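Asker: how would this look folded up:
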Amino acid sequence: MIDPTNTTIGWIGTGLMGMSMCGHLINAGYRLTVHSRTKTKAQPILDRGADWAESPQIVAGAANIVVRMVGFPADVRNVYFVPQGSLQA
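Answerer: Down below sits the predicted model:
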């Protein structure tokens, strides 16, 4: 069963939509590890208790569930397939 006591969520992409969704997860008690191209964009959710990861690979390695909220095909490739991408974890 997925619940805040046994599930860590990894989140990649903390833009407008991602930030809102992360906020709901924090409010529900989930532990989050997040990554965004710019750490400053993630700062509001970090201030609320999320952990920062330096790469998508680190996010994927730290989480039971990984959500990727990125907009363009090149961004998707960079999240999945680069040497520090989430598929490397």
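Asker: tell me the centre residue of this structure?
Answerer: Trp11 (1.5 Å; CA atoms, centre = their mean).
Asker: Pretty sure Thr33 sits against Thr14.
Answerer: No. Using CB atoms under 8 Å, Thr33 is not in contact with Thr14; the gap is 11.6 Å. All C-beta spots, glycine's among them, are computed from the backbone N, C-alpha and C.
Asker: Tell me the buried residues in stretch 5-21?
Answerer: Within stretch 5-21, the residues that count as buried by 16 or more other CB atoms under 10 Å are Ile9, Gly10, Trp11, Ile12, Gly13, Thr14, Gly18, Met19, Met21.
Asker: rewinding a little: I'd like the distance from the residue nearest to the centre of the chain to Ser55, if you could.
Answerer: Trp11 is 13 Å from Ser55, where distance means CB to CB, to the nearest Å.
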